[in-house]
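>>> The sequence isn't on hand, but the structure is:
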């Protein structure tokens with residue numbers, strides 16, 4: 001849930017908290033793309049009993065994600081790096097990289113995400129502003 005947390009922090013004018021050095025990467029997919037994939041799977045008899053990963057194959061470093069959120073919200077927030085030793089208990093292991101293999105759903109249904117990460121960020125920003133009634137004052141949606 002790093003993306004919603006970053007968006008809320010940016011809209012609140014708080015520094016964005018990045019755990020570790022921020023080089024760990026993740027893949028982000030818009031919830032509407034996920035819903036579309038699930039609907040395609042629910043309509044496919046061939047999908048019954050099989051496991052499918054749904055996601056994007058575009059990897060983004062967490063520190064880059066934080067920067068993009070700051071840019072797209074127009075926030076004056078900064079990025080604050082917090083060592084894992086301060087954030088987690090002893091024994092925590094960061095996977096470093098998480099990238100889903102979506103080849104099975106692509107093969108079955110031809111599915112792939114259609115929205116970019118920037119579109120996902122923008123939609124989440126709009127949702128959070130609407131949900132919280134966040135003022136648009138000094139924050140603007142960059143486009």
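Done, it's in. Quantities reported herein were computed from a predicted structural model and do not represent experimental measurements. Numbers count the residues shown, from 1 in each chain.
>>> Residue 81 and residue 18 touch, don't they?
Yes. Assessed by CB atoms under 8 Å, residue 81 is found in contact with residue 18 at 5.4 Å. (Glycine included, C-beta is placed from N, CA and C.)
>>> Okay, now the unreliable bits of the protein?
By pLDDT under 70, the low-scoring segments of the chain are 89, 92, 94, 133-143.
>>> So what does the spatially closest residue to residue 50 that is not a sequence neighbour have for phi and psi?
Leaving out its chain neighbours, the residue that sits closest to residue 50 by CB to CB, 6 or more residues apart in numbering is residue 104, at 7.0 Å. The phi/psi pair for residue 104 (degrees, to the nearest 10) reads phi -70, psi -40.
>>> Residue 104 and residue 22: what is the separation?
Distance from residue 104 to residue 22, counting by CB to CB, to the nearest Å: 31 Å.
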